[in-house]
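>>> just need the structure, nothing else, for what follows:
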Amino acid sequence: MATSISEIALTPAAASRVAAIAQRQNKPAILRLSVEGGGCSGFQYKFGLADGPAEDDVIAETDGVRLVVDSISLDLVRGAEVDYVESLGGAAFRVENPNAASGCGCGTSFSV
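Sure, this is the predicted structure:
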């Protein structure tokens with residue numbers, strides 16, 4: 001397990017939202033970000049609460065909330081920031097990914 005602020009980051013807004021969701025579900029405040037093949041642009045982000053970090057995870061921590069990313073997914077999101085955004089279109093976690101060459105309108109799919 002490695003902790004690296006420069007490889008991946010969690011904004012305070014996202015940390016606050018993860019903490020609220022985790023508290024409601026009686027789970028640890030750990031958000032897992034993974035990347036899977038699929039979506040309208042080639043890859044898609046997947047979010048979920050985790051019970052704990054895995055051995056190959058990179059961990060970023062903000063306000064006591066941890067963001068964990070497995071080593072394979074990290075290659076596609078290195079340098080990214082996970083934010084929580086509320087707008088007229090709804091509220092969602094959003095990944096600002098410097099590695100994405102293009103994305104889609106829904107904001108959950110990207111290509112490199």
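>>> off-centre distance for the lengthiest helix in the chain?
Looking across the chain with DSSP state H, the single longest helix is helix 12-24. When distances are taken as Cα atoms, centre = their mean, to the nearest Å, helix 12-24 is centred 13 Å away from the chain's centroid.
>>> what ranges do the helices span in the protein?
Using DSSP H, helices in the chain cover 12-24, 71-77.
>>> what packs against the first one?
Applying 3 or more Cβ pairs under 8 Å, 6 or more residues apart in numbering; DSSP states H and E, one finds that helix 12-24 contacts strand 30-37, strand 43-49, strand 58-62, strand 65-69, strand 80-87. From N, CA and C alone the C-beta is placed, and that goes for glycine too.
>>> that older thread, right, and the helices of the chain - which one's nearest residue 85?
Distances from residue 85 to each of the helices of the chain were compared using Cβ to Cβ; the minimum, 7.6 Å, belongs to helix 12-24.
>>> next, the buried residues of the closest one.
13, 14, 15, 17, 18, 19, 22 (16 or more other Cβ atoms under 10 Å).
>>> distance to residue 64 added to the residues you listed, as a markdown table?
Formatted as a markdown table, the entries for those read as follows, by distance: Cβ to Cβ, whole Å:
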| residue | distance to residue 64 |
| --- | --- |
| 13 | 14 |
| 14 | 13 |
| 15 | 8 |
| 17 | 13 |
| 18 | 10 |
| 19 | 7 |
| 22 | 11 |
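>>> sort out which one of those residues lies nearest residue 76 for me.
Checking the buried residues of helix 12-24 one by one against residue 76 (Cβ to Cβ), the nearest turns out to be residue 14, at 18.4 Å.
>>> surely the closest one meets residue 83?
Yes - Residue 14 is in contact with residue 83 according to Cβ atoms under 8 Å; the separation is 5.3 Å.
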